[in-house]
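Peer 1: here is a sequence with its predicted model. Questions after.
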Amino acid sequence: MDTAGTERIARCECGQLRLRCLGEPLRVSMCHCQSCQRRTGSVFGVQVRFRREQVSIEGESRVFVRTGDSGGRGELHFCPHCASTVFWFLDAEPELIAVAIGAIGDHSLPLPLYSVYESRRFPWTDMPALADIEHYD
């Protein structure tokens, strides 16, 4: 694993499941699909994507496989003790790992550049700071 650059630690609520992410993410995005709304218990999910070789995983996880709104499969990894979803793999991008941005909690991460499934976006989540990003339905 390349050790150059920034190191960020993502973890579940109880700290048993941890990821060490090295370098900058390839993508920061927010998703308004109903699956992300249910997964997070919130109005959208926000993720950062890294190349798999940028991330090392420590601890035990359980897996839930779901089919997303696009028809693609995702393998979501969550802590078996506190149930926090920390990371996932998408069949469409097997070379990447997506990490829940809240699991990292680093406020220096860049703004999302993509917002997807906006047709399912709660109308009161309009954020002026995100006006110039790419938007998809």
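Peer 2: Now that the structure is in, tell me what you want to look at.
Peer 1: C-alpha from now on. contacts and neighbour counts both.
Peer 2: OK.
Peer 1: ok now the biggest helix by length in the chain, how far from the chain's centre?
Peer 2: In the chain, assigned by DSSP state H, the helix with the most residues is helix 34-40. On the basis of C-alpha atoms, centre = their mean, to the nearest Å, helix 34-40 sits 12 Å off its chain's mean C-alpha point.
Peer 1: and the contacts of it?
Peer 2: 43-45, 68-69, 85, 120 (C-alpha atoms under 8 Å, 6 or more residues apart in numbering).
Peer 1: any idea which helix or strand carries Ala10?
Peer 2: Using DSSP states H and E, Ala10 sits within strand 7-11.
Peer 1: Glu75 now?
Peer 2: Glu75 belongs to strand 73-78, assigned by DSSP H and E.
Peer 1: what's that strand packed up against?
Peer 2: strand 62-67, strand 85-90 (3 or more C-alpha pairs under 8 Å, 6 or more residues apart in numbering; DSSP states H and E).
Peer 1: pick the most deeply packed of those strands.
Peer 2: Highest mean neighbour count of the helices and strands packed on strand 73-78: strand 85-90, a mean of 23 (counted as mean count of other C-alpha atoms under 10 Å).
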